[in-house]
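Participant: Sequence and predicted structure below; questions after.
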Amino acid sequence: MKTRKIAALVLLLSVHVVLVGCAVAPPAPDDEVSARTVEQLAEARWRAIMERDFERSYEFYTPGFRDTMRMVDYEREMARRPFRYLGLDVQPADCEGDRCEIRVRLTYQAVGAPAGQHRVRLTQDLTETWIRLEDQWWYARN
């Protein structure tokens, strides 16, 4: 009888340990700070693009991207985009460790669209990835 009680107690404790180990923990405080930081950076990057300040928006990209894409080429690529960005809505970032994903809803018009279509306001949701390298957050172009 005593052996059964001990076995039941061990089983109960084992189940408790497993359940506690599987519990979903709230985001780590560091992840919350990271999320707020990335939200601010994503908005600043898009504001620079909206203002056509491509030199400033270029600085948000990872060092590896900037090693492979010269500033002049980036500016040329961005200047050719046939959009006029009108607004943005940055959603809360989802961060885990050194990686965050964030959704940005853009409102824009297609410049040069035919037959008055250039006046139509369009929206698009984008998911961006940001990564932390040596304690600094960078936009990682897909």
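Facilitator: Looks like it came in fine. Numbering: from 1, shown residues only.

Participant: so Arg105 sits right up against Thr127, yeah?
Facilitator: No - Arg105 is beyond contact range of Thr127, at 10.7 Å (criterion: CB atoms under 8 Å). No exception for glycine: its C-beta is placed from N, CA and C like everyone else's.

Participant: burial measure for the residue lying closest to Ala113 once chain neighbours are set aside, as a count.
Facilitator: Spatial nearest neighbour of Ala113, chain neighbours left out: Val120 (7.4 Å); criterion: CB to CB, 6 or more residues apart in numbering. By other CB atoms under 10 Å, 10 other residues sit near Val120.

Participant: same question, Pro114
Facilitator: Residues lying near Pro114 (other CB under 10 Å) number 7.

Participant: where does it fall, helix, sheet strand or coil?
Facilitator: Per DSSP: H, G, I helix; E, B strand; the rest coil, the secondary structure class of Pro114 is coil.

Participant: and the gap between it and Leu106?
Facilitator: For Pro114, the distance to Leu106 (CB to CB, to the nearest Å) stands at 22 Å.

Participant: Can you find the helix or strand in this structure with the smallest mean pLDDT?
Facilitator: helix 2-22 (a mean of 43; mean pLDDT, DSSP states H and E).
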